[in-house]
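Novice: Model the structure of this input:
(chains A and B)
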Amino acid sequence: DAKTTQPTSMDCAEGRAANLPCNHSTISGNEYVYWYRQIHSQGPQYIIHGLKNNETNEMASLIITEDRKSSTLILPHATLRDTAVYYCIVRVQGAQKLVFGQGTRLTINP
Amino acid sequence: DAMVIQNPRYQVTQFGKPVTLSCSQTLNHNVMYWYQQKSSQAPKLLFHYYDKDFNNEADTPDNFQSRRPNTSFCFLDIRSPGLGDAAMYLCATSRLGLAGPSSYNEQFFGPGTRLTVL
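Specialist: Below is the predicted model of the structure:
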């Protein structure tokens, strides 16, 4: 699986959009970008994934650059409950394993 | 609600005393995973079962074993816990190799069992 690079930490004001970047410059053509998050003392939670088109669901939006070397997870109206570690993972769809990097610790401030 | 259940949430054991952590799922997923997560670190995969096939990670110590008696249950056995094995242990499931929407490849995690070794 391709490696990813994320900022160690980020802050965002409550009610604002949180934009979390991820670099995956060595991504292969058949690899998807997955995002998970882990709220303190809980198991990780799937957020969204995509291949090359932008994706949106009830939790977030995923913007993938045209060359697929980077992506941005957008939480449109961040709340205090969005404070968590966010993991960007690149993997082949259907692969059995997830390999977690260090992730971004996002803090939403009142 | 369908879910991944881990018991107990907190487990205390003594150095060298065998301990078993349990995981059950009501999702009827064919793959079950065990991860170890130490403080301030990312989850690290120990092993997983794809149906009945056991897949061990190359760097998982022999001290860690697993059993999956049926689709719903999976156990993590630590034969002789050391102080370095104190961690959160996460169980996850996924549905692979079956027809359906791509989102079925996501992994569903339980709340974890926090293991303390005295």
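Novice: With adjacent residues omitted, what lies nearest to whichever residue of chain A sits closest to chain B?
Specialist: Closest residue of chain A to chain B, CB to the nearest CB: A:Gly43 (3.0 Å). The C-beta positions use only the backbone N, C-alpha and C, and glycine is treated the same way. Here the nearest residue to A:Gly43 in space, its sequence neighbours aside, is B:Phe109; by CB to CB, 6 or more residues apart in numbering or on different chains that works out to 3.0 Å.
Novice: how many other residues sit next to that neighbour?
Specialist: 23 (other CB atoms under 10 Å in any protein chain shown).
Novice: A:Gly101 now?
Specialist: A:Gly101 has 15 neighbouring residues, counting by other CB under 10 Å.
Novice: Could you pull up phi and psi at the residue lying closest to it once chain neighbours are set aside?
Specialist: What sits nearest to A:Gly101 in space, not counting adjacent residues and going by CB to CB, 6+ apart, is A:Thr4, at 5.2 Å. Here the main-chain torsion angles of A:Thr4 (degrees, to the nearest 10) amount to phi -120, psi 150.
Novice: pretty sure the residue nearest to A:Gly43 contacts B:Leu90?
Specialist: Yes: in terms of CB atoms under 8 Å, B:Phe109 counts as a neighbour of B:Leu90; the distance is 5.6 Å.
Novice: Identify the residues contacting the spatially most central residue of chain A.
Specialist: The centroid of chain A falls nearest to A:Trp35 when counting by CA atoms, centre = their mean (3.7 Å). Going by CB atoms under 8 Å, 6 or more residues apart in numbering or on different chains, A:Trp35 touches A:20, A:22, A:46-49, A:60, A:62, A:73, A:86-89.
Novice: What ranges does the chain have for its strands?
Specialist: Defaulting to chain A. Ranges of strands within chain A are A:9-13, A:18-23, A:31-38, A:45-50, A:55-56, A:61-64, A:70-75, A:84-92, A:104-109, based on DSSP state E.
Novice: Chain B, not that one
Specialist: B:4-7, B:10-13, B:19-25, B:31-37, B:44-50, B:53-56, B:64-67, B:73-78, B:87-94, B:108-109, B:113-117.
Novice: So for A:Thr104, which of these sits nearest?
Specialist: strand B:31-37 (16.5 Å; CB to CB).
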